[in-house]
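Peer 1: Fold the following, please.
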Amino acid sequence: MESEDRTAVIEHILETLPLIKNRLWKPIQAPIDGLPHSQVLVMHLLGEHQTVNMTQLALMMRVSNQQMTKIVDGLVKRDFVGRQISPENRRSIKISLTDSGHLLLREMKKEMINKILLEMNCFTDEEMQQLGESFSIIKTIIKDKH
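Peer 2: The predicted structure is shown next:
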């Protein structure tokens, strides 16, 4: 792909991100159950990956290990995540959702879905189908490169 074609793709992304942020992201930005956004993201990642070590989690969140420790500490204090020492490497700490963390994550997802559904009420079934297919493709492309 030529450089100007890549630039055009990036321009489309830059034009689309504010639309997504304002239409879909803003409604779910408010703290859920008093959790900061960073802790909500960690819970979603743990829901997807089950058990992750702190370094992997920090890389996924694109924060330092020190910042990740602070984020996880808040979740541990509320019993939403647990820490376990890895049997393979005693210096490695594995993080996973607790039962109450899984329950809260399910509740948060329901709440987020309901808020976004309200925002997307104006879209036709065909537009929703197109958005679903488009986001599926985008997710696949980006996730494979992560």
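Peer 1: Grab the most central residue of this protein for me.
Peer 2: residue 41 (4.4 Å; C-alpha atoms, centre = their mean).
Peer 1: Are we agreed that that residue is in a strand?
Peer 2: No: using DSSP: H, G, I helix; E, B strand; the rest coil, the secondary structure at residue 41 is helix, not a strand.
Peer 1: Surely it is in contact with residue 61?
Peer 2: Yes: if you go by C-beta atoms under 8 Å, residue 41 and residue 61 touch, sitting 6.4 Å apart. Backbone N, C-alpha and C define where each C-beta goes, glycine included.
Peer 1: Look up the pLDDT of residue 54 for me, please.
Peer 2: The score at residue 54 is 89. That number is its pLDDT.
Peer 1: Now do the contacts for it.
Peer 2: Residue 54 sits next to 65, 68-69, 72, 92-93, 95 when contact means C-beta atoms under 8 Å, 6 or more residues apart in numbering.
Peer 1: can you do 6 Å?
Peer 2: 68, 93 (C-beta atoms under 6 Å, 6 or more residues apart in numbering).
Peer 1: same deal with residue 137?
Peer 2: Applying C-beta under 6 Å, 6+ apart to residue 137 gives no contacts.
Peer 1: SS state for it?
Peer 2: With three-state DSSP as the criterion, residue 137 reads helix.
Peer 1: what about it, distance to residue 92?
Peer 2: Using C-beta to C-beta, to the nearest Å, we find residue 137 at a distance of 35 Å from residue 92.
Peer 1: Export the helix or strand where residue 116 lies to PDB, keeping only CA atoms.
Peer 2: Using DSSP states H and E, residue 116 sits within helix 99-119. The C-alpha trace of helix 99-119 is given here as PDB (Å, rounded to 0.1, in the frame of the first residue of the first chain):
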ATOM      1  CA  ASP A  99     -16.300 -14.700  42.100                       C
ATOM      2  CA  SER A 100     -17.500 -11.300  43.100                       C
ATOM      3  CA  GLY A 101     -15.400  -9.800  40.300                       C
ATOM      4  CA  HIS A 102     -17.000 -12.100  37.800                       C
ATOM      5  CA  LEU A 103     -20.500 -11.100  39.100                       C
ATOM      6  CA  LEU A 104     -19.600  -7.400  39.000                       C
ATOM      7  CA  LEU A 105     -18.200  -7.700  35.500                       C
ATOM      8  CA  ARG A 106     -21.400  -9.300  34.200                       C
ATOM      9  CA  GLU A 107     -23.500  -6.500  35.800                       C
ATOM     10  CA  MET A 108     -21.200  -3.800  34.300                       C
ATOM     11  CA  LYS A 109     -21.400  -5.300  30.900                       C
ATOM     12  CA  LYS A 110     -25.200  -5.400  31.100                       C
ATOM     13  CA  GLU A 111     -25.300  -1.700  32.200                       C
ATOM     14  CA  MET A 112     -22.800  -0.700  29.400                       C
ATOM     15  CA  ILE A 113     -24.800  -2.500  26.800                       C
ATOM     16  CA  ASN A 114     -28.000  -0.900  27.900                       C
ATOM     17  CA  LYS A 115     -26.500   2.600  27.800                       C
ATOM     18  CA  ILE A 116     -25.000   2.000  24.400                       C
ATOM     19  CA  LEU A 117     -28.300   0.500  23.100                       C
ATOM     20  CA  LEU A 118     -30.100   3.700  24.100                       C
ATOM     21  CA  GLU A 119     -27.500   5.800  22.100                       C
END
